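# Prediction below, plus the sequence it came from.
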Amino acid sequence: MFGFESKDVKAVVQENMTLEQVRKAMIELMKEENSNQHRMGQLYNYVVKNKLAQNAGYKDARDYFSKNLADLSQAALSMYGAVALQFSEEVTRRFGVTCLSLLLNYKATAELKVNHEEPGGTPIEVPAENGQVSTKPFGECSVEDMRKAIRHKRKPSSSKPVPAEYLTLADQYQEAVSNRFPKGVVIKVEVRNQKGESVLDIKGIPVEQVDTLVEALMDELPPAPQLLPPVPLVHRVEPTATVS
């Protein structure tokens with residue numbers, strides 16, 4: 001067993017590679033992974049858009065993939081689909097599916113415009129450990145930077161903080177609905193305090209697409225976190241015909 005090296009390893013690792021060559025090779029492999037995830041998102045969107053699962057006797061796309069592609073989570077499929085709907089494969093190769101998915105969440109939370117063809121220059125407000133906020137271009141942000149930026153934007157103005165599990169739930173709702181709406185429609189999901197109660201707001205729904213929101217919440221919603229108490233959240237849907 002010891003000393004054995006597979007053909008696949010030999011195909012990737014070349015004799016006398018420098019550290020920089022290894023770094024560049026890893027970047028290329030990451031790009032290939034991002035491209036594959038983007039293509040999987042396109043396939044998933046195709047199934048959802050054309051209701052192929054329902055036509056084949058399944059409840060929805062989620063039901064079909066959970067039974068026929070169980071190794072791939074619904075959360076991953078929703079993320080791939082949302083990114084593939086909003087960004088090209090070339091952009092996805094450059095920035096990665098996870099970062100672009102977080103950019104969509106940040107875009108909705110911060111209510112800012114993003115150039116979907118060149119998102120790298122998008123200004124992101126990233127808080128440091130000491131609480132000081134600095135602005136970085138999206139192209140220089142890590143996944144952790146994006147998560148910190150989103151948490152900072154969602155920080156409630158009330159002195160009583162929103163429970164972390166509710167903030168996680170808001171992220172899950174954001175992912176669940178984002179994949180359903182066409183490019184250019186910005187849906188904002190946020191949780192806030194209202195007289196001591198955590199309230200979930202879903203905003204930016206075009207009036208003619210309210211049915212799409214209902215369908216998304218019924219079919220694509222990930223399971224709620226286990227830490228949530230048995231008190232239901234209050235949903236407030238504020239439809240508007242404005243599309244940014």
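That came through, no problem. Keep in mind that this is a model prediction, so the values were computed, not measured. Numbering: from 1, shown residues only.
# Asn45: neighbouring residues, count only.
19 (other C-beta atoms under 10 Å). All C-beta atoms are positioned from the backbone trio N, CA, C, and that covers glycine.
# With Ala25 instead?
Neighbour count for Ala25, taken as other C-beta under 10 Å: 14.
# give the contact list for it.
Applying C-beta atoms under 8 Å, 6 or more residues apart in numbering, we find Ala25 in contact with Val12, Met17.
# pLDDT (mean, whole number) over the longest strand along the chain?
Longest strand in the chain by number of residues (criterion: DSSP state E): strand 197-205. Strand 197-205 shows a mean pLDDT of 80.
# Check which helices and strands the very next helix or strand once past that strand sits against.
Counting by DSSP states H and E, the next helix or strand C-terminal to strand 197-205 is helix 210-219. Counting contacts by 3 or more C-beta pairs under 8 Å, 6 or more residues apart in numbering; DSSP states H and E, helix 210-219 is packed against helix 164-178, strand 197-205, strand 234-239.
# show me where this protein has strands.
Secondary structure of the chain by DSSP E: the strands cover 123-127, 133-137, 188-194, 197-205, 234-239.
# So the closest residue to Glu175 other than its chain neighbours versus Asp211, what's the distance?
Nearest residue to Glu175 in three dimensions, chain neighbours excluded: Ser78, at 5.0 Å (C-beta to C-beta, 6 or more residues apart in numbering). Counting by C-beta to C-beta, to the nearest Å, the separation of Ser78 from Asp211 is 19 Å.
# again, but for Ile187
Ile187 sits 14 Å away from Asp211, going by C-beta to C-beta.
# So for those two, which residue has more residues nearby?
Neighbour count, other C-beta under 10 Å: between Ile187 and Asp211, Ile187 has more, with 22 against 9.
# Give me the pLDDT value at the residue lying closest to Glu125 once chain neighbours are set aside.
Nearest residue to Glu125, sequence neighbours excluded (C-beta to C-beta, 6+ apart): Val133, at 5.2 Å. At Val133, the pLDDT value in this model is 92.
# what residues are up against Val133?
Shown in contact with Val133 (C-beta under 8 Å, 6+ apart): Glu125, Val126, Pro127, His152.
# Good, wrapping up.
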